[in-house]
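Visitor: just a sequence and a predicted model for now, questions to come.
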Amino acid sequence: MQALKTMARVDFVLLFCVLLLLIVGAIMVYSASSYRAELSYGNSAHFLARQLVRLVLGLITMMVIALVDYRRWLIYAPLFYVVSLALLIFLFTDMPFVHMVNGSRRWMRLGPMTFQPSDLARYALILVLARALYSERDFLDDFWRGYGKMLLISLAVIIPILFEPDLGTAVLLTMVVFAMFFLAEVRLSYLIASGLTLITAAMALIELRSYQMSRFDNWINRLRGGDEIGWQVKQSLISLAEGGWLGKGIGNTRQKYEFLPEAHKDFIFSVIGEELGFVGTVLVLLVFLALIYRGMRIARQAPNGYSRLLAAGLTLSLGLYAFINAGVALAVLPTTGIPMPFVSYGGTALVMNLGAVGILMNISMQGSRSHANSVGWRIYRKRLDRPIFKR
């Protein structure tokens, strides 16, 4: 009886949003990849079949994790962190399981499957920070003993991802980390100083890589109203424009005929725009907004500070990935190679994202409305009103 009462407190709105996105994603993956699959494998449903297998695996993972007390994941967070960091380092070796694509060391090949360690590292870092930021909350005002240690823990994961190279994931993970620092009430002066330093270092690194500098220059040129535009972004905008208000209908995209590279992966939002129109893209973004709202609501009602930071970090990770992917497709952000959670074709990312939802579901089972007023915007508003560099 107690188990049933606990299960009844699962955030079913969150679960519905995720399932809806998975259904939309499966349909769009098939539509966007059918032509390429037919040419390459003689089976138009090749990518769809692989996506469905991963989807089932991810759903099983989500349900299993949802039934495990989130405190167990926090206990083993240091182990996950060390394992993920070791995997990231192994990517820079010449071991046979390291799989390189276009000079990037982002994947490991395990038989017929590929695994992306950065997806595990992202959530391992969120788990470790949720645990460390709350347990060390009394020392966060001390830069070297508190905040500096948290920053080093984060950079130890972010820097290897940056040099894979995977600038988009590194930047997004940095944004999630700084959001968790803010929620943990780290001094704003620390955040501003270290944030500006990291931005300067990132810009210096971009200048050393011609292809990344070209993407950045194209983006700046677009913002200034210039005509120069990359092929992927151009095709993405064409796809969105041709969709109009209501779209051409499911399966009627022209961009799947090899016009838009990675149409079923990084630019699937453009395919949604072409087939479902402006209305379809807005509805998808509204579902993600609902997911973010429910995730932050779970964080506010979480039973303690550990789970509050954990739920917020997981939610922000999913939300930022979704809206930055949409921003790239709309040409308002530089091309990053970031997939849209639950919608884009993928393996490791899909399973890990569903695992993150499982943790959110478990926290929601143990949450209480009595905690909803424990942390609110009023507290952070007071922090913003304080002098930034006051000691």
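Guide: Nice, I can see it.

Visitor: which helix or strand contains the residue most central in space within the chain?
Guide: What sits nearest the mean C-alpha location of the chain, by C-alpha atoms, centre = their mean, is Y321, with 3.7 Å. Element membership of Y321 [criterion: DSSP states H and E] is helix 305-329.

Visitor: tell me how far the residue lying closest to A77 once chain neighbours are set aside lies from L120.
Guide: Distances taken as C-beta to C-beta, 6 or more residues apart in numbering place L127 nearest to A77, at 3.8 Å, with adjacent residues excluded. (Each C-beta comes from the backbone N, C-alpha and C, glycine too.) To L120, L127 is 11 Å away according to C-beta to C-beta, to the nearest Å.

Visitor: repeat that for M175.
Guide: 19 Å.

Visitor: of those two, which one has the most company?
Guide: L120 (21 against 15; other C-beta atoms under 10 Å).

Visitor: quick one: contacts for I359?
Guide: Contact analysis of I359 by C-beta atoms under 8 Å, 6 or more residues apart in numbering lists 65-66, 70, 73, 310-311, 314.

Visitor: again, 7 Å this time
Guide: 65, 70, 73, 310, 314 (C-beta atoms under 7 Å, 6 or more residues apart in numbering).

Visitor: between these, which is nearest M365?
Guide: Of all the contacts of I359, M365 sits closest to Y70, with 9.2 Å by C-beta to C-beta.

Visitor: with adjacent residues omitted, what lies nearest to the closest one?
Guide: In space, Y70 is closest to N362, 4.8 Å off (C-beta to C-beta, 6+ apart).

Visitor: now the strands for the chain?
Guide: 98-101, 104-110, 113-115 (DSSP state E).

Visitor: where does pLDDT dip in this structure?
Guide: Across the chain, residues meeting the criterion (pLDDT under 70) sit at 1-9, 102-103, 208-231, 368-391.

Visitor: hang on, the residue nearest to Y70 packs against M63?
Guide: No. In this structure, N362 is not within contact of M63 by C-beta atoms under 7 Å, at 10.5 Å.

Visitor: so those two - more neighbours on which side?
Guide: N362 (24 against 13).

Visitor: what sits against the more buried one?
Guide: 65-66, 68-70.

Visitor: which one of these is nearest to E258?
Guide: I65 (38.4 Å).

Visitor: what's the burial count for the closest one?
Guide: 20.

Visitor: grab the nearest non-local neighbour of it.
Guide: Using C-beta to C-beta, 6+ apart, the closest residue to I65 is G358 (3.1 Å).

Visitor: next, the angle from the helix ranked longest in the chain to helix 305-329.
Guide: The residue-count maximum for a helix in the chain (DSSP state H) belongs to helix 268-300. If you take axes from the mean of the first three to the mean of the last three C-alpha atoms, to 10 degrees, helix 268-300 sits at 160 degrees to helix 305-329.
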